[in-house]
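**Q** structure of the sequence below:
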Amino acid sequence: MPRYEDFDPKTTTIADLLDFYASRYATPHNVGWGERPALVIVDFSIAFTSAAAQFDSGGNGYDDEVARTAVLLAAMRDAGLPVFHTTIAYEPGLADAGLWAKKIPWLDGLLADSPEVGIDPRLEPAEGEPVIVKKYPSVFFQTDLDERLRAAGVDSVFIAGCTTSSCVKASVVDAMGLGYKTCIAEDAVSDMNPMLHVINLAEMRGRYADTAPVDTIVARIAELKAGKHAA
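**A** Numbers count the residues shown, from 1 in each chain. Here you go, the predicted structure:
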């Protein structure tokens with residue numbers, strides 16, 4: 001069993017970690033596609049896509065990932081499949097932020113009704129697309145998203161958004177626990193640091209969910225749409 005005292009951060013590399021995941025999960029055990037998916041776009045609000053460093057984006061506005069999410073969003077809309085957006089927003093004083101505000105004081109910049117908590121205009125919610133307001137990393141924790149998904153007959157979720165190591169990861173773990181087949185759109189999620197993104201995506205792929213590029217997911221959506229029309 002590896003011991004922490006044997007770990008040398010000066011010699012251990014990202015490649016070592018990725019090699020670990022590749023060997024540990026050499027045989028993929030995919031959960032597979034569902035028949036009634038929903039798209040959940042995690043926190044692509046103006047605060048995070050504006051490249052404002054104070055909002056933990058590290059100056060990364062996620063432009064490429066937003067563009068890929070827009071492709072996925074268009075496919076879901078065209079197929080008539082449910083879409084949910086999420087944003088983080090608090091009341092003045094952050095009484096509804098709990099201990100998370102103790103760890104991350106900059107949450108005070110995410111006040112309800114402020115421009116920062118609005119969804120990025122490039123992903124503007126269409127009529128009938130709910131915006132789930134959350135207070136904690138997971139899109140499911142203390143929200144009604146699970147109830148909404150079940151009411152819509154959803155059996156699986158596609159995940160896009162930010163950040164890979166925090167809100168995306170927390171949401172993916174909860175989605176698995178709630179029994180939703182989960183596929184992360186690997187080119188439509190990102191983090192403030194590319195190393196955090198790569199490591200956490202590898203971990204989620206090995207332990208909690210499937211991953212696929214947007215083009216592969218769009219092809220699956222097209223199959224579902226064709227099957228619906230054939231029926």
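**Q** extract the CA atoms of stretch 181-191 and return them as PDB.
**A** What follows is stretch 181-191, C-alpha atoms only, in PDB (Å, rounded to 0.1, in the frame of the first residue of the first chain):
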ATOM      1  CA  LYS A 181     -26.700   7.400 -16.100                       C
ATOM      2  CA  THR A 182     -24.300  10.200 -16.500                       C
ATOM      3  CA  CYS A 183     -22.100  11.300 -19.400                       C
ATOM      4  CA  ILE A 184     -19.700  14.300 -19.000                       C
ATOM      5  CA  ALA A 185     -19.200  16.300 -22.200                       C
ATOM      6  CA  GLU A 186     -15.500  16.300 -21.900                       C
ATOM      7  CA  ASP A 187     -14.900  19.200 -24.200                       C
ATOM      8  CA  ALA A 188     -17.700  21.300 -22.600                       C
ATOM      9  CA  VAL A 189     -16.400  21.300 -19.000                       C
ATOM     10  CA  SER A 190     -13.300  23.000 -17.700                       C
ATOM     11  CA  ASP A 191     -11.500  24.300 -14.600                       C
END
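**Q** now it: mean pLDDT?
**A** Mean pLDDT, computed over stretch 181-191, is 97.
**Q** stretch 213-226 now?
**A** Across stretch 213-226, pLDDT averages out at 97.
**Q** please apply the same query to stretch 104-122.
**A** Mean pLDDT, stretch 104-122: 94.
**Q** please identify the buried residues of that stretch?
**A** 107, 110-111, 116-120 (16 or more other Cβ atoms under 10 Å). Where you see a C-beta, it was placed from the backbone N, CA and C, and this is true even at glycine.
**Q** next, the distance between the ends of it.
**A** Across stretch 104-122, the terminal residues are separated by 27 Å (Cα to Cα, to the nearest Å).
**Q** contacts for that stretch, please.
**A** 41, 44-47, 49-50, 52, 54-56, 66-67, 70, 85, 87-92, 94, 97, 100-101, 125, 131, 133 (Cβ atoms under 8 Å, 6 or more residues apart in numbering).
**Q** taking these one by one, which sit in helices?
**A** 46-47, 49, 66-67, 70, 100-101 (DSSP state H).
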